[in-house]
Structure formats: structure tokens, C-alpha cells
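S.K.: no sequence on hand, only this structure:
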Ligand SMILES: CC(C)(COP(=O)(O)OP(=O)(O)OC[C@H]1O[C@@H](n2cnc3c(N)ncnc32)[C@H](O)[C@@H]1OP(=O)(O)O)[C@@H](O)C(=O)NCCC(=O)NCCS
């Protein structure tokens, strides 16, 4: 069953809890979405609140994918730049598919939905993102049409003695 994607879903307590659960489960399964396991919902909550503030300001848009039971199974955030000379591309953040749904093509569906969403945003010509090196994620993004355009060596300190590259990926929107 394909996921059902919604851009700009209504922000309800159920949606907030669904995103928090997703973000926590993905992080604790080793996902590279801003945290290092083990992490609790309460540690992630302030980060989600910051995203909600940016959404209220109109700077960030949330994309969610729901499974057939209506549960939040995937999510990502699209964020416009504040720099006045960089309004022609957007950032894609926190790309995540719930561990129980990974490996079934939903990640690629999520990125296709994100590209469709960005194409509908006036003046947006490309999507840029960064990912943590050492997890093979470049291959995932390449399978979605992104190209590696830069790499900052050892910019992400996952743990003492475990530094990872910060890999910059770009998708020009045709
Ligand atoms: C990365 C993620 C979004 C991919 O979603 P998914 O639903 O598992 O991926 P898909 O099933 O759509 O896979 C699409 C392709 O990417 C490949 N792929 C997926 N995850 C990969 C990974 N971690 N490393 C290498 N390749 C990967 C798949 O093998 C598949 O390639 P194929 O068509 O040649 O077989 C998901 O695994 C996830 O949420 N991971 C944890 C969070 C995370 O690290 N997000 C990245 C933030 S930068």
C-alpha cells in the first residue's frame, strides 16, 4: 500500500504526537535526523516546536506520509532561505521513514512528493540538503535524482572519535 502524502497538514495534538513518535523511533533505530540514540521524545520536542514556529511564520512547510491505518509513517520539512539572494532554492530537512516501513520505496516516494511540493512553491528551482556521511545515504539520495555537490570533512561529531562528513546534495527541479 503506498503512503498518502499531505503537504501542510492541520497541526493537531495527534499530528504532533505522530511526528514526535516517528522522529524518536527513527533516531533510536540509528537514523541521522539530528540526534544520536538513545534519545527521548522530550529531547526532540523543543526541536519540533522550533519547526512549528517556522511553519507559523510561513518559512517552513511540513510534508507527512500516512499509512493505511492513518498513522504518520514518513515526514520531511521544506524550508525557504532567509537570505534575499537565495530565495530560488529550498532546504529539505529531517527526511525520515519509520523503521517498520523502511526499504519498501517509501523514502523515494517521500522525496518525489517533496520535489512536487517544491515545484509548486513560487520561484523555487532546486532543493538542497545535507546528510551524514558513513551511512550510505548518498546512494539513497542519488537514487532520487540528487547529486553530491560538496562535502565538509569530519563536520559532524556523532561521538568522541567518530566524526562524519557533512555531505551536500542538490536536486535541480526541471
Ligand atoms: C533514508 C530513508 C529516508 C530511506 O527511506 P526508505 O523507505 O528506507 O528507502 P527506499 O526503500 O525508498 O529506498 C530507495 C533506494 O535507496 C536505497 N537506500 C535506502 N536507504 C539507504 C541507505 N541508508 N543507504 C544506502 N542506500 C539506501 C535503497 O536500497 C533503494 O535503492 P534501490 O532502488 O537501488 O534498491 C530511511 O531509511 C530513513 O528514514 N532512515 C533513517 C533517517 C535518516 O537517516 N534520514 C536521512 C536524513 S539525511
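M.R.: Right, received. Where do you want to start? Keep in mind that what you see is a predicted model, and the values were worked out from it rather than measured.
S.K.: so the longest strand along the chain, near the ligand or not?
M.R.: Longest strand in the chain by number of residues, with DSSP state E as the criterion: strand 147-159. No - under the criterion of C-beta under 6 Å from any ligand atom, the ligand is not reached by strand 147-159; the shortest gap measures 10.5 Å. All C-beta atoms are positioned from the backbone trio N, CA, C, and that covers glycine.
S.K.: got it, and stretch 104-119?
M.R.: Yes - judged by C-beta under 6 Å from any ligand atom, stretch 104-119 comes into contact with the ligand through 104, 105, 106, 107, 108.
S.K.: residues in contact with the longest strand of the chain?
M.R.: Residues outside strand 147-159 that contact it (C-beta atoms under 8 Å, 6 or more residues apart in numbering): 36, 132-133, 138, 142, 163-171.
S.K.: what about the nearest residue to residue 126 once chain neighbours are set aside, how many residues close to it?
M.R.: Distances taken as C-beta to C-beta, 6 or more residues apart in numbering put residue 89 closest to residue 126, at 4.0 Å, once the chain neighbours are dropped. Each residue near residue 89 was counted by other C-beta atoms under 10 Å, and the total is 18.
S.K.: quick one, what contacts residue 89?
M.R.: Taking C-beta under 8 Å, 6+ apart, we find residue 89 in contact with 81, 124, 125, 126, 127, 128.
S.K.: that older thread, return the set of buried residues in the longest strand of the chain.
M.R.: Buried positions in strand 147-159, judged by neighbour count with 16 or more other C-beta atoms under 10 Å: residue 156.
S.K.: can you check stretch 58-73 too?
M.R.: Using 16+ other C-beta under 10 Å as the test for burial, stretch 58-73 gives 60, 61, 62, 63, 64, 65, 66, 67, 72, 73.
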